[in-house]
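1. okay, here's the prediction I keep looking at, along with the sequence it came from:
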Amino acid sequence: MPLTNLNCRRLVYFTLIILMGWSPLINAKSFLVYSITQDLPMGDNKTLKKNFYINIGAQQGIKIGSELTVYRQLNQSNPYSVEKSVIYNVRVGELKVIHSEEENAIAVIQKASFEDDIYHEIPAINVGDTVEVKTAD
């Protein structure tokens with residue numbers, strides 16, 4: 001089929017419709033813990049201070065004192081299902097922001113809430129855990 005003016009217009013409209021439909025997916029961003037720093041243990045059994053570095057900041061409304069809920073994604077495959085895997089978002093704790101910039105923040109542990117019945121390979125908030133602004137329970 002030759003590429004006429006009408007066909008070009010249709011192609012442009014079709015491309016725009018596809019791009020508009022995908023734009024939320026392209027712009028979707030998950031916020032997560034990307035680094036952790038902590039005190040060195042000195043043998044006195046004190047709780048170590050930890051800072052959690054997060055890729056969410058003032059642009060998303062985060063300020064000093066903001067509370068964040070932390071989730072761990074547990075990915076398990078189900079061999080009896082057509083679906084290849086199931087992703088569980090399990091709540092692992094809460095953070096409180098102590099420093100905020102445009103796109104990043106530093107937070108400390110507000111509360112760790114690992115459920116006793118769910119096995120976690122690493123029973124602490126860790127790099128890669130996702131964060132969301134805390135909402136009322």
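-> Received the coordinates, thanks.
2. mean confidence (pLDDT) on stretch 94-111, please.
-> For stretch 94-111, mean pLDDT is 93.
3. in it, what's buried?
-> 94-97, 100, 104-107, 109-110 (16 or more other CB atoms under 10 Å). Placement of C-beta: from N, CA and C, glycine included.
4. what's the answer for stretch 71-90, then?
-> 71-72.
5. okay, how far is it across it, tip to tip?
-> Counting by CA to CA, to the nearest Å, you get 5 Å between the two ends of stretch 71-90.
6. can you tell me the helix or strand for T47?
-> Here T47 is covered by no helix or strand, with elements defined by DSSP states H and E.
7. which of the buried residues of stretch 94-111 lies closest to M42?
-> I109 (19.3 Å; CB to CB).
8. partner residues bridging that closest one?
-> I109 has the following beta-bridge partners by DSSP bridges: L95.
9. could you measure from it over to P123?
-> 13 Å (CB to CB, to the nearest Å).
10. appreciated, that's everything.
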